[in-house]
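> Predicted coordinates and the sequence they were generated for:
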Amino acid sequence: MTASRLNLQRVSPKVYQAMIALHAAAAENLDPTLAGLIMIRASQLNHCAFCVDMHTHDARQAGETEQRIYLLSAWEEAGTAFTEREQAALALTESITELIGRGHVPDEVYARAAAVFSETELAQVISMATVINAWNRIGVTTRKRPPLRR
């Protein structure tokens, strides 16, 4: 396994600070539990070990259950473990994350989210999914590794 590459925070502090500001704006007025699920799921799909570790740790600290964290990778098959709003946000997050393979966000996925979120809430969900995808790409590209917790 190759070691971490560059440290974006050190090498490009203006970009790093802009990402922090963008993340804070995306999180504004977004339910923290929902934001956590969005960040974990996109990070799983993007294979960003650092972000999966960080956001699952943060979710646990915020009171998220182990069961829901474990079920997140199979949320569509998890029955009522996730609310309709959470399921709509997760479906939208997956579509945003997988744009390269799909080429678009399907109308039915967008409509499902639009049906359960206000326009402002939907903007925040889209923004959070977009921001975590950017963080994931930074983490994967620079091979940022999670700290080992034993």
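Sure thing, it's come through. Just so it is clear, the structure is predicted and the values come from calculations on it, not from any experiment.

> so what does the lowest-mean-pLDDT helix or strand in the chain touch, helix or strand wise?
The least trusted helix or strand in the chain, going by mean pLDDT, DSSP states H and E, turns out to be helix 99-102, with a mean of 82. If you count contacts as 3 or more C-beta pairs under 8 Å, 6 or more residues apart in numbering; DSSP states H and E, helix 99-102 packs onto no helix or strand. For every residue, glycine as well, the C-beta is placed using N, CA and C.

> What helices and strands are in contact with the next helix-or-strand element following that helix?
Counting by DSSP states H and E, the next helix or strand C-terminal to helix 99-102 is helix 107-116. Helices and strands touching helix 107-116, as assessed by 3+ C-beta pairs under 8 Å, 6+ apart, comprise helix 84-97, helix 119-141.

> Measure how buried the residue nearest to residue 81 when sequence neighbours are not counted is and give me the count.
By the measure of C-beta to C-beta, 6 or more residues apart in numbering, the closest residue to residue 81 outside its immediate chain neighbours is residue 71, 5.2 Å from it. Using other C-beta atoms under 10 Å, residue 71 has 15 neighbouring residues.

> In the protein, where is pLDDT below threshold?
1-4 (pLDDT under 70).

> swap the cut-off to 80 and go again
1-4, 101, 149-150 (pLDDT under 80).

> Let me see the residues that make contact with the least confident helix or strand of the chain.
Residues outside helix 99-102 that contact it (C-beta atoms under 8 Å, 6 or more residues apart in numbering): 95, 105.

> ok so, going back, deepest in the core, which of the helices and strands packed on helix 107-116 is it.
Highest mean neighbour count among these (mean count of other C-beta atoms under 10 Å): helix 84-97, with a mean of 21.

> How far away from the center of its chain is that helix?
10 Å (C-alpha atoms, centre = their mean, to the nearest Å).

> Can you name every helix or strand that it contacts?
helix 32-45, helix 107-116, helix 119-141.

> May I see those arranged in JSON lines, with distance to residue 95 as well?
Converted to JSON lines, the helices and strands packed on helix 84-97 look like this (distance: least, C-beta to C-beta, whole Å):
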{"stretch": "helix 32-45", "distance to residue 95": "11"}
{"stretch": "helix 107-116", "distance to residue 95": "5"}
{"stretch": "helix 119-141", "distance to residue 95": "9"}
